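Peer 1: Fold the stuff below for me.
(chains A and B)
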Amino acid sequence: MPTIATVVLVLFSAILACLIVVRPEITVTRAGKILAFGVLFFLPVFSLAVGVQNEMTRSESTTFCLSCHIMESYGRSLHIDDPSYLAAAHFQNHRVPADEACYTCHSDYAMFGTIKAKLGGLRHLYVYYLGTPPLPQDIKLYKPFNNQVCLHCHLGARSFEEGVVHNADPATLPAIKANKLSCISSGCHEMVHNVGHWGDVKFWYQKN
Amino acid sequence: MNRRLRISGVLVTIGLLVEGLCLMWSRPIAFVVLVVFGGMLIGIGVLFFLLSLASAAPDSAHASGLAPDKRQ
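Peer 2: Numbering: from 1, shown residues only, chains lettered A, B, ... in the order given. Prediction:
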């Protein structure tokens, strides 16, 4: 939800703009001209900027991503009670912020990662409302998952750097770090969401 | 000038109301509506206001023969 302050600001700006519509003669005086400038230029531009920023922040939340019907199964996959499911293990153990779980793993940490994620989101909206959305189990990544997203947190961590499997072959770690050996599609951590292939799994729900 | 202010005010008001509704509407499409419709209305309203300022000031100054700040 947006902050109350943002909604109040927008409504306050709208009420003042209404005042100019109803009584434009108040702009005859110098103070009225300053008011008109504030009400018809500064406040709308400022309100719009704050509103867009608010929406941008909200679009990073887990609830925002899961508000599309097609994403419900992916939301449920975060609650699977099985640590071998990568997304569920990260979500339930707060290895990623629970309220920004989707965004954390599905946006690049590079300079334009956020912009790319937002543009991708617009494409999803287009397909969802105007195109033919695929079945949840048919949704695929546009390109192979980038190891750098994982390494943003795991690089340098003892469990990663000294992991038995990671060091079984001296070529493994360099290959992972160079993004030549994928973390999730090389037979290592390949159980991510696995929507449509759950079988008889149990679900975990956080107790409040 | 009053008519232009009114038009500008109406556009800005509607744009802000659209924005307010979008902020309380928790659906992904709300962002697009906010930017496309709200942003467009507010943008046109603000531009209309600025254009009305730019076009009104020289005419009025000409008519009264006074500098803009002495016309009141």
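Peer 1: When you work out contacts or count neighbours from here on, use the C-alpha atoms and nothing else.
Peer 2: Will do.
Peer 1: quick one: contacts of stretch B:34-41?
Peer 2: The contact list for stretch B:34-41 (CA atoms under 8 Å, 6 or more residues apart in numbering or on different chains) reads A:Leu48, A:Val52, B:Leu11, B:Val12, B:Ile14, B:Gly15, B:Leu16, B:Leu17, B:Val18, B:Glu19, B:Cys22.
Peer 1: Among those, which lie within strands?
Peer 2: The strands in this structure, assigned by DSSP state E, contain none of the contacts of stretch B:34-41.
Peer 1: Nearest to A:Asn179 among those?
Peer 2: A:Val52 (34.8 Å; CA to CA).
Peer 1: Distance check, the closest one against A:Ile15.
Peer 2: Separation of A:Val52 from A:Ile15 (CA to CA, to the nearest Å): 20 Å.
Peer 1: more neighbours, the two?
Peer 2: A:Val52 (19 against 16; other CA atoms under 10 Å in any protein chain shown).
Peer 1: Report the separation between that one and A:Ala171.
Peer 2: From A:Val52 to A:Ala171 the distance is 46 Å (CA to CA).
Peer 1: Just confirm yes or no for the worst-scoring helix or strand of chain A on mean pLDDT near chain B.
Peer 2: Every helix and strand in chain A was compared by mean pLDDT, DSSP states H and E; the lowest is helix A:113-130, with a mean of 84. Yes: remark: helix A:113-130 sits within contact range of chain B at A:Leu125, by CA under 8 Å from any CA of the partner chain.
Peer 1: ok, which stretches of chain B are helices?
Peer 2: Along chain B, the stretches classed as helices by DSSP state H are B:2-24, B:29-33, B:39-64.
Peer 1: Render the CA-only coordinates of the shortest one in PDB, please.
Peer 2: These are the backbone C-alpha positions of helix B:29-33, laid out as PDB (Å, rounded to 0.1, in the frame of the first residue of the first chain):
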ATOM      1  CA  ILE B  29      -2.100  -2.500 -14.300                       C
ATOM      2  CA  ALA B  30      -2.400   0.400 -11.900                       C
ATOM      3  CA  PHE B  31       1.200   1.500 -12.600                       C
ATOM      4  CA  VAL B  32       0.500   1.700 -16.400                       C
ATOM      5  CA  VAL B  33      -2.700   3.600 -15.800                       C
END
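Peer 1: No further questions, thank you.
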